[in-house]
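# Predicted model and sequence follow; I will ask about them next.
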Number of protein chains: 2
Amino acid sequence: MKRANGRPLKARGRPREFDRDAALERAIDVFWRHGYEATSVSDLTAAMGINPPSLYAAFGDKEKLFLEAVGRYQEQRRQSLTKAFDEAPTAEEAVRRVLREAAGELAGSSHPRGCLLVMSDTNCSDASAHVQSDLAQRRAAMKASLKARIDRGAAAGELPRGTDTGALAEFYTTVFQGMAMQARDGATPKRLLATAEAAMRAWPRGVKRS
Amino acid sequence: MKRANGRPLKARGRPREFDRDAALERAIDVFWRHGYEATSVSDLTAAMGINPPSLYAAFGDKEKLFLEAVGRYQEQRRQSLTKAFDEAPTAEEAVRRVLREAAGELAGSSHPRGCLLVMSDTNCSDASAHVQSDLAQRRAAMKASLKARIDRGAAAGELPRGTDTGALAEFYTTVFQGMAMQARDGATPKRLLATAEAAMRAWPRGVKRS
DNA sequence: CTATATCTATACCGTCCGCTACATTAATGG
DNA sequence: CCATTAATGTAGCGGACGGTATAGATATAG
């Protein structure tokens, strides 16, 4: 940020003593484990290493912090999804790769189990309706981008005539969300991988488009 | 309950003024909508039409009430599952029927959306670890009974040699749980049905056992 | 009848919730 | 230097939480 005359505008007042990005990463981790409502501000401040006033000054309130955490999380996922979609030669290979990667990510040991976007707004009271609809939109966006990749494959003649690409995208979204739940229940990456391979057997085969 | 001498033992004290079974059904409905932790005792007493002391006298505490509600819910599901497993001529038809029925049940208008067993212990704090492990066991039992039906089909030569029936049961359990999440996000029975049919395309085909 | 047992409603307990008032500290602007 | 701005730690706000003490009401036992 600069002044109109181009001279640098230094931040006034006492400078923040914690790393905002690092604190946000800690918040993501906590929300990932316990979801939105079950995570208390005490949990957050403890994990972030700050006191409540610092949290509220830097992030607004618990809901804004959650939405910012979810936004960063989704952006990371979106990038790896886009990469898989662009690199895979066909829609089938794209979906296979996404599910295989998901098997490792959902049950990996470097993160909490499951998917923040899928799980964290279940079992919330009516007070969190706003959060719930926000996450539902994000999930819908992920499904839409999957459908777009499948449509691209269909346009390239990879799928039988008359294939319902929307239903296909919804099926694989359903499998992914189910895998997230299985991960929560302790499924290993290996078992999730077997489920992913089973799901790929449902890929439409038969008469191809001209 | 009778006395040793066979004379009926009437209940002493003031009789209960509400229908315990009906109250339990109301509690199931509330837990079904909001899960375990997000449902408050106030929500429960309001829906059940009783005051806190009556709830605690009749059901113990919130956790015992929840587990009793889940137990009744699961017993109902178990019966319809057993019926489908017994009536279907093959394992494939049994699974197809279960998924088709699930499409209607999970998104039907006569109940809350989704599945009490699948969703209601997500996003709980560590204080509910006992409830979470109880439900995880119940989910494992449902998956085990699905595997048992598939094994029966495998023993009857319905499946290719070397089919991993455990992985197959886990795949369809995953699809079911994913369908429950989709139902929460507003999927219609029709769309869930399309997902169920897609999942059935993954049923193992090929060389059958002798 | 009295004694006992149990359900009922009111009113409240201590604890944790999300959030903030306040005084203090540490930086810049002039 | 002093005024201004903003982040910090402490301490606590009003309210909702799960759960209960208590007193009154209503049944059976004898």
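Nice, I can see it.
# All the helices of chain A, residue numbers only.
A:20-34, A:41-48, A:52-59, A:62-87, A:91-107, A:116-119, A:129-155, A:165-184, A:189-200 (DSSP state H).
# So the third one, near DNA strand C or not?
By that I understand helix A:52-59. Yes. With CB under 7 Å from any atom of the strand as the measure, helix A:52-59 is seen reaching DNA strand C through A:52-53, A:56. For glycine as for every other residue, the C-beta is placed from the backbone atoms N, C-alpha and C.
# any idea how far residue A:83 lies from DNA strand C?
35 Å (CB to the nearest atom of the strand, to the nearest Å).
# mind listing what that residue touches?
By CB atoms under 8 Å, 6 or more residues apart in numbering or on different chains, the contact set of residue A:83 is empty.
# try 10 Å
Applying CB atoms under 10 Å, 6 or more residues apart in numbering or on different chains to residue A:83 gives the contacts A:97, A:101.
# if I pick residue A:164, what's in contact with it?
Residue A:164 sits in contact with A:150, A:154, A:170-171, A:204, B:194, B:198, where contact means CB under 10 Å, 6+ apart.
# top of those by neighbour count?
Among the contacts of residue A:164, residue A:171 has the most neighbours (other CB atoms under 10 Å in any protein chain shown), with 28 neighbours.
# Spatially nearest residue to it (excluding sequence neighbours)?
residue B:198 (4.0 Å; CB to CB, 6 or more residues apart in numbering or on different chains).
# sorry, back to before: out of the helices of chain A, flag the one nearest residue B:136.
Residue B:136 lies closest to helix A:165-184 among the helices of chain A, at 8.7 Å (CB to CB).
# What are the buried residues along that closest one?
A:165, A:167-184 (16 or more other CB atoms under 10 Å in any protein chain shown).
# For the residue in chain A positioned nearest to DNA strand D, report the pLDDT, please.
Residue nearest to DNA strand D within chain A (CB to the nearest atom of the strand): residue A:13, separated by 1.8 Å. Predicted confidence (pLDDT) for residue A:13: 92.
# Serialize the helices of chain A to TSV and add fields for mean pLDDT and distance to residue B:106.
Formatted as TSV, these follow (pLDDT from 0 to 100; distance: least, CB to CB, whole Å):
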stretch	mean pLDDT	distance to residue B:106
helix A:20-34	98	25
helix A:41-48	98	32
helix A:52-59	98	36
helix A:62-87	98	25
helix A:91-107	98	22
helix A:116-119	97	16
helix A:129-155	97	16
helix A:165-184	98	11
helix A:189-200	98	19
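# what sits against the residue lying closest to residue A:166 once chain neighbours are set aside?
When the adjacent residues along the chain are set aside, residue A:166 lies closest to residue A:147, with 5.9 Å between them (CB to CB, 6+ apart). By CB under 10 Å, 6+ apart, the contact set of residue A:147 is A:154, A:165-170, A:172-173.
# rerun at 8 Å
Going by CB under 8 Å, 6+ apart, residue A:147 touches A:165-166, A:168-169.
# Over to residue A:198?
Per CB under 8 Å, 6+ apart, neighbours of residue A:198: B:167-168, B:171, B:202.
# rewinding a little: any chance of the helices of chain A in a markdown table, with distance to residue B:47 too?
Converted to a markdown table, the helices of chain A look like this (distance: least, CB to CB, whole Å):
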| stretch | distance to residue B:47 |
| --- | --- |
| helix A:20-34 | 26 |
| helix A:41-48 | 29 |
| helix A:52-59 | 34 |
| helix A:62-87 | 27 |
| helix A:91-107 | 35 |
| helix A:116-119 | 26 |
| helix A:129-155 | 19 |
| helix A:165-184 | 27 |
| helix A:189-200 | 37 |
